[in-house]
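*Asks:* just a sequence and a predicted model for now, questions to come.
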Amino acid sequence: MNGETTQVLAFDTVSLNIPKADLSFLKTLVKKMGWKINRKPKPRRKRLYDPETGKYLNDETMKAIENNDDIAFSGTVDEFKEWAKNL
């Protein structure tokens, strides 16, 4: 070596919440500083599609479905239709 010293940097990992409007500024800063940025994807919420309406079920309906997983019907389709009419 030619007498130069090499500096060893200690790194830390942080989590940062910023407004979406500032994301491009942050990316520019990260690039100029030589840092690395990794973005975690948001976890997807479970959604059900209703082909009759062409829409996805809303949060309230999804919660009702998720909270009633233990409800089951055993019987024929006709018995189910009759049961559903009486709800």
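*Replies:* Sure thing, it's come through.

*Asks:* only C-alpha atoms from now on, for both contacts and neighbour counts.
*Replies:* OK.

*Asks:* and the gap between the residue most central in space within the chain and F80?
*Replies:* Closest to where the C-alpha atoms of the chain average out (Cα atoms, centre = their mean) is P43, at 2.0 Å. For P43, the distance to F80 equals 35 Å [Cα to Cα, to the nearest Å].

*Asks:* buried stuff in the longest helix along the chain?
*Replies:* Longest helix in the chain, counting residues (DSSP state H): helix 23-33. By neighbour count on 16 or more other Cα atoms under 10 Å, the buried set for helix 23-33 is empty.

*Asks:* residues contacting it, please?
*Replies:* With Cα atoms under 8 Å, 6 or more residues apart in numbering as the test, helix 23-33 has contacts from K36, I37.

*Asks:* how far out from the middle of the chain is it?
*Replies:* Centroid separation for helix 23-33 versus its chain: 24 Å, with Cα atoms, centre = their mean, to the nearest Å.

*Asks:* following element in sequence after it, please.
*Replies:* The helix or strand immediately downstream of helix 23-33 is strand 49-50, counting by DSSP states H and E.
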